[in-house]
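**Student:** for reference, the sequence and a predicted model appear below.
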Amino acid sequence: MAESANPQEKQFSLQKLYVKDVSFETPNSPGIFTRPWDPKVEFNLASNAQLLQDNLFEVTVTTTLTVTIEEKTAYLVEVCQAGIFAMVNFAEDELGPLLGSYCPNILFPYAREAVSDLVTKGGFPPMLLAPINFDALYAQHLEQSQAELEQSRVEQVETGEKKVIH
């Protein structure tokens, strides 16, 4: 006789992977192609997670690159890569690392590929983004949140304010 699955067993699965938003602009083309290629790259990264319904979360990783040559924008590319993840029987303290680190680690390679494809199709040299350590970013986020909470408590004591902190 087969044993039934443990109802408290943790289950994690990727339900759907998709590009939520994409943008590519070359505001100074075709003139930008006549300049020597010595780009300045500004890179921004953000991730977000939201509960869709019980045990179902949408996680997004947004990468934005602005590449300039001699103060003129060569291109601007933004990709918002998303995924829907099912997470069953995880404790509240386990969800943070999953949503803030593990899921973005799954999504980022797809965002990297989309950025590379858009840049190349735009006529520019390939843009290969380096891997990101989302574990370190998540740990940094936790430290920053804790420091902000402590600072808020100190300010409340100094001003004598009474606020409910959750």
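**Tutor:** Nice, I can see it.
**Student:** contacts for the strand or helix carrying residue 110, please.
**Tutor:** Residue 110 is located in helix 103-121, with elements delineated by DSSP states H and E. Helix 103-121 has contacts (Cβ atoms under 8 Å, 6 or more residues apart in numbering) with 14, 17, 19, 22, 24, 47, 49, 57, 59-63, 65, 75, 77, 79-83, 85, 125-129, 131-132, 134-135. All C-beta atoms are positioned from the backbone trio N, CA, C, and that covers glycine.
**Student:** how distant is that helix from the center of its chain?
**Tutor:** Between the centre of helix 103-121 and the centre of its chain there are 11 Å (Cα atoms, centre = their mean, to the nearest Å).
**Student:** quick one: mean pLDDT for it?
**Tutor:** Averaging pLDDT along helix 103-121 yields 97.
**Student:** cool, stretch 74-82 as well?
**Tutor:** 98.
**Student:** what about residue 52, distance to residue 72?
**Tutor:** Residue 52 sits 41 Å away from residue 72, going by Cβ to Cβ, to the nearest Å.
**Student:** keep only those of the contacts of helix 103-121 that are in strands.
**Tutor:** 14, 17, 19, 22, 24, 47, 49, 57, 59-63, 65, 75, 77, 79-83, 85 (DSSP state E).
**Student:** can you select the buried ones from the residues you listed in ChimeraX?
**Tutor:** To isolate the buried ones among the ones in strands among the contacts of helix 103-121 in ChimeraX, judged by 16 or more other Cβ atoms under 10 Å, type:
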select :24,47,49,57,59,60,61,62,63,65,75,77,79,80,81,82,83,85
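**Student:** pretty sure residue 40 sits against residue 73.
**Tutor:** No - counting by Cβ atoms under 8 Å, residue 73 is not a contact partner of residue 40; they are 10.1 Å apart.
**Student:** give me the more crowded residue out of those two.
**Tutor:** It is residue 73, of residue 40 and residue 73, that has more neighbours when counted by other Cβ atoms under 10 Å, with 15 against 11.
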